[in-house]
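Enquirer: Fold the following.
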Amino acid sequence: MSGAGGGGISQHPVDRLIRELIRTGRPATPEEVERIIERMATVPFNPRQRRVRGEERGASYQGYTLGAREEALRYHLIKRVVIEKQWAEGTTEEQYLTDLRRAVSSSAARLVVFERRGGFLMLVIYAADRGIIVSGYQFSSLETVRIPEEARWLR
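Expert: Numbering: from 1, shown residues only. Just a heads-up that it's a prediction; the model follows:
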């Protein structure tokens, strides 16, 4: 599988690089960091449907109401705009994804890699095993985000 979120492990060279950095703990070169950022800024959002938490079902936005399972991008947009109020009312799926990609590409962006299963700053979650963006959200400070102890900051 080539890593378009189709369920298999992504074989894209940059995704393999990220998994290798996690596995070996070796430092990333500046060139590798740039390749990772370029990859993250161009991949699609998770194309799969996902389960919607019970308390979030029924939230409505732009003529759509959350049910038990939803397309991941739509679910994340409604959650970030309506439930968490992190993005402005009127934000479209395309604008949300553009914001995430812009955040990844920003010279002020920090880059951390870790293995995970299962002003405001923006966190973009990228799955190197599937080659997709799986989430993006805003937070008030880095201390409010649960990043695993074994995470490695690349930039």
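Enquirer: Helices of the chain, start to end?
Expert: Secondary structure of the chain by DSSP state H: the helices cover 13-24, 30-40, 72-78, 93-105.
Enquirer: Just put the ones you listed in TSV and tack on distance to Ala127 and mean neighbour count.
Expert: Any C-beta I mention is one placed from the backbone N, CA and C, and that applies to glycine too. Listed next are these as TSV, based on distance: least, C-beta to C-beta, whole Å; neighbours: other C-beta atoms under 10 Å:
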stretch	distance to Ala127	mean neighbour count
helix 13-24	9	16
helix 30-40	10	16
helix 72-78	11	22
helix 93-105	13	16
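Enquirer: Look up the closest residue to the spatially most central residue of the chain, ignoring the ones flanking it.
Expert: The centre of the chain sits closest to Ile125, judged by C-alpha atoms, centre = their mean, with a distance of 2.6 Å. Nearest non-adjacent residue to Ile125, counting by C-beta to C-beta, 6 or more residues apart in numbering: Ser135, 4.2 Å away.
Enquirer: and the gap between the one you found and Glu31?
Expert: 27 Å (C-beta to C-beta, to the nearest Å).
Enquirer: where do the strands sit along this protein?
Expert: For the chain, the strands defined by DSSP state E cover 49-51, 60-61, 64-65, 69-71, 112-113, 121-127, 132-139, 152-153.
Enquirer: ok so, going back, give me every residue that touches the residue nearest to Ile125.
Expert: Shown in contact with Ser135 (C-beta atoms under 8 Å, 6 or more residues apart in numbering): 46, 76, 123-125.
Enquirer: and the gap between it and Thr29?
Expert: Ser135 is 27 Å from Thr29, where distance means C-beta to C-beta.
Enquirer: can you check Ala151 too?
Expert: 19 Å.
Enquirer: Looking at those two, which one has more neighbours?
Expert: Ala151 (13 against 10; other C-beta atoms under 10 Å).
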